[in-house]
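Undergrad: here is my input, please return the structure:
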Amino acid sequence: MKLLTEVADQVEVDRIRLLMESNGIPIYLANEDTARNIGFVSPARQYQIWVYEDEQYEGAAALLRDKNYTVKNPIDVADFHRQVVRQVPGAYRFIVQKLLIPGLVVFCMMCIFLYLLFSR
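TA: Predicted structure coming up:
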């Protein structure tokens, strides 16, 4: 995945997303939720647009410069997003197994330690 551009305007983000995905280039929009929080995230109000497939980066950059550019290796964006969604449950399971459960164990141990320390 490669960074294509950063923009501050939601309308520009939507234009680029439509341009890329209608030409067979799936993109990932980073900072979609945090870019609206002016001043809380550095840099404030910057949406990052990433190209998922590295081999499509040059075509995406050319398409960004010239909207009439013909993409050499377009892919089915809807199918690509369906595959990404299928991978999400595995990611949640990983987060729970590797982060949440050990975190809860450490939290419980700290609570017991503090209870024993201050109960005397």
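
Undergrad: so where do the helices sit in this structure?
TA: For the chain, the helices defined by DSSP state H occupy 10-22, 57-65, 77-95, 101-118.

Undergrad: nearest to residue 1, of these?
TA: Comparison of the helices of the chain against residue 1 by C-beta to C-beta identifies helix 57-65 as nearest, at 9.0 Å. From N, CA and C alone the C-beta is placed, and that goes for glycine too.

Undergrad: tell me which residue lies nearest the centroid of this structure.
TA: In the chain, the residue lying closest to the centroid (C-alpha atoms, centre = their mean) is residue 30, at 4.6 Å.

Undergrad: contacts only, for that residue.
TA: Each residue near residue 30 by C-beta atoms under 8 Å, 6 or more residues apart in numbering is listed here: 47, 48, 49, 50.

Undergrad: can you pull up the bridge partners for it?
TA: Beta-bridge partners for residue 30, by DSSP bridges, are residue 48.

Undergrad: if I look at it, how far off is residue 10?
TA: Separation of residue 30 from residue 10 (C-beta to C-beta, to the nearest Å) stands at 14 Å.

Undergrad: likewise residue 51?
TA: Counting by C-beta to C-beta - residue 51 and residue 10 are separated by 20 Å.

Undergrad: neighbour-wise, which of these two wins?
TA: A side-by-side neighbour count of residue 51 and residue 10, using other C-beta atoms under 10 Å, places residue 51 first with 23 against 13.

Undergrad: show the model's pLDDT score for the more buried one.
TA: Residue 51 carries a pLDDT score of 95 in this model.

Undergrad: that one and residue 83, how far apart?
TA: Here residue 51 is placed at a distance of 16 Å from residue 83 (C-beta to C-beta).

Undergrad: next: residue 120.
TA: Applying C-beta to C-beta, the value for residue 120 to residue 83 is 57 Å.

Undergrad: give me the more crowded residue out of these two.
TA: Taking other C-beta under 10 Å, residue 120 and residue 83 do not tie; residue 83 has more neighbours (10 against 4).

Undergrad: ok, now which ones touch the more buried one?
TA: Taking C-beta under 8 Å, 6+ apart, we find residue 83 in contact with no residue.
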